[in-house]
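Chemist: sequence first, then the predicted structure, then my questions.
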Amino acid sequence: MIDRRGFLVRAGGALGATALLHRDAPAMSRLVESRVTSHESLERIGVQLYTVRREMQANVERTIEQVARIGYKEVEFAGYFGRSARDIRTLLDANGLTAPSAHSADLPSIRTRFTRVLEDATTIGHRYVVCASLPRSEQGADGYKRVAAEFNVAGEQAAKAGVTLGYHNHDGEFTRLGTTNGYDILLAECDPKLVTMQMDLFWTRKAGKDPLAYFAKYPGRFASVHVKDMDASGAMVDVGAGQMPFAEYFARSEQAGIRHYFVEHDSPADPMASITASYRHLSTLKY
């Protein structure tokens with residue numbers, strides 16, 4: 001997987017770079033440039049099925065088949081549309097797909113039925129169960145701290161089941177709360193061994209924040225990302241049709257801890273066309 005790429009080579013490169021620093025500045029410059037332009041590509045591209053929720057509502061089986069035909073290898077669920085966990089697993093296996101993640105851990109589910117959430121995750125094969133958002137009532141400084149404490153307890157329960165709890169952001173988490181914001185509170189208060197972050201790259205940028213700064217400040221904390229594009233007006237568009245610097249973000253995958261990349265568009269005019277165009281762009285992207 002991408003998070004394992006070139007570890008030993010890069011470790012050796014770092015030692016070599018240190019030796020070159022004082023005696024060969026041009027060589028050091030070439031080394032840095034070669035690492036920035038390493039021409040990696042995504043081996044497994046995922047899609048958040050919220051993008052095709054209308055299609056899932058109409059016909060789960062046909063939609064999953066179409067997603068697989070496009071070329072996606074991973075999916076992230078946002079509801080199972082009345083199918084059992086066993087039925088979902090059978091459907092994924094039949095189409096050569098895996099579902100490493102699901103948005104199945106909202107606060108009510110964590111508080112009242114988390115054991116069932118984890119049982120379904122184990123059956124389907126989810127490695128991560130993600131809280132997709134928080135109610136407005138919890139979006140103050142004290143609320144974020146309370147939620148972080150709940151996440152730590154739930155994260156410990158999830159870990160015992162072989163699953164990791166995650167949190168997905170929008171832009172509201174970055175609203176200033178005194179000298180900080182909700183996202184930074186969650187990162188500070190959540191135990192990194194028990195709770196991971198799923199960074200939505202679009203909403204982070206929409207809030208005026210730099211994902212690269214967060215990757216550097218909180219290395220290893222971001223197990224997955226939502227890959228959405230933004231045009232010059234700030235609108236959400238298909239991946240490849242906007243201006244988001246995905247190559248720069250993906251080049252920091254090891255630093256950030258990213259293992260999974262899920263395409264998403266919140267409200268595309270033609271969902272299947274949207275995820276097809278996004279897949280085609282990402283399948284040729286080099287970073």
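Modeler: Structure's in. What do you need? Residues are numbered from 1 along each chain as shown.
Chemist: which residues of the stretch 1-150 of the chain fall in strands?
Modeler: Using DSSP state E, counting those that start in this stretch, the strands assigned to the stretch 1-150 of the chain run over residues 46-48, 74-77, 98-102, 128-131.
Chemist: list the strands paired with the third one, with their directions.
Modeler: Strands that pair with strand 98-102, judged by DSSP bridges, come out as strand 74-77 (parallel), strand 128-131 (parallel).
Chemist: and the chain, what are its domains?
Modeler: Following automatic domain parsing, one gets these domains for the chain: 1-38, 44-284.
Chemist: among the ones you listed, which is the most enclosed?
Modeler: domain 44-284 (a mean of 18; mean count of other C-beta atoms under 10 Å). The C-beta positions use only the backbone N, C-alpha and C, and glycine is treated the same way.
Chemist: how long is it from one end to the other?
Modeler: Domain 44-284 has its terminal residues 12 Å apart, counting by C-alpha to C-alpha, to the nearest Å.
Chemist: same check on stretch 249-269?
Modeler: Stretch 249-269 end-to-end distance (C-alpha to C-alpha) = 27 Å.
Chemist: returning to that earlier point: identify whichever of the strands of the stretch 1-150 of the chain lies nearest to residue 60.
Modeler: strand 74-77 (10.1 Å; C-beta to C-beta).
Chemist: from the rest of the structure, what touches the closest one?
Modeler: Outside of strand 74-77, the residues within contact range by C-beta atoms under 8 Å, 6 or more residues apart in numbering are 44-49, 64, 67, 88, 92, 97-104, 124, 126, 130, 224, 260, 262.
Chemist: switch to 6 Å and redo it
Modeler: Outside of strand 74-77, the residues within contact range by C-beta atoms under 6 Å, 6 or more residues apart in numbering are 44, 46, 47, 48, 49, 97, 98, 99, 100, 101, 102, 262.
Chemist: do the same with stretch 196-212
Modeler: Residues contacting stretch 196-212 (C-beta under 6 Å, 6+ apart): 130, 164, 166-171, 174, 221-226, 228, 230, 249.
Chemist: what segments of the stretch 1-150 of the chain are helices?
Modeler: Under the criterion DSSP state H, counting those that start in this stretch, helices of the stretch 1-150 of the chain are mapped to 7-20, 25-36, 53-58, 60-70, 85-94, 107-112, 114-124, 141-160.
Chemist: next SSE after the last one?
Modeler: Think helix 141-160. Sequence-wise, the next helix or strand downstream of helix 141-160 (DSSP states H and E) is strand 164-168.
Chemist: who's in contact with the residue lying closest to residue 130 once chain neighbours are set aside?
Modeler: Sequence neighbours aside, residue 166 is the residue nearest to residue 130 in space, at 4.1 Å (criterion: C-beta to C-beta, 6 or more residues apart in numbering). Contact analysis of residue 166 by C-beta under 6 Å, 6+ apart lists 128, 130, 196, 198.
Chemist: what do you get for residue 282?
Modeler: For residue 282, the contacting residues are 42, 45, by C-beta under 6 Å, 6+ apart.
Chemist: that one: helix or strand, and which one exactly?
Modeler: helix 271-284.
Chemist: on that earlier part again, as a markdown table, the domains of the chain with mean pLDDT would be great.
Modeler: Output for those, formatted as a markdown table (pLDDT from 0 to 100):
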| stretch | mean pLDDT |
| --- | --- |
| domain 1-38 | 40 |
| domain 44-284 | 98 |
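Chemist: circling back: the strands paired with strand 98-102: which one's closest to residue 237?
Modeler: Using C-beta to C-beta, the strands paired with strand 98-102 put strand 74-77 closest to residue 237, at 20.0 Å.
Chemist: tell me which two of the contacts of strand 74-77 sit farthest apart.
Modeler: Every pair in the contacts of strand 74-77 was compared (C-beta to C-beta); the two farthest apart turn out to be 44 and 102, at 16.6 Å.
Chemist: can you tell me how far residue 124 is from residue 78?
Modeler: Separation of residue 124 from residue 78 (C-beta to C-beta, to the nearest Å): 13 Å.
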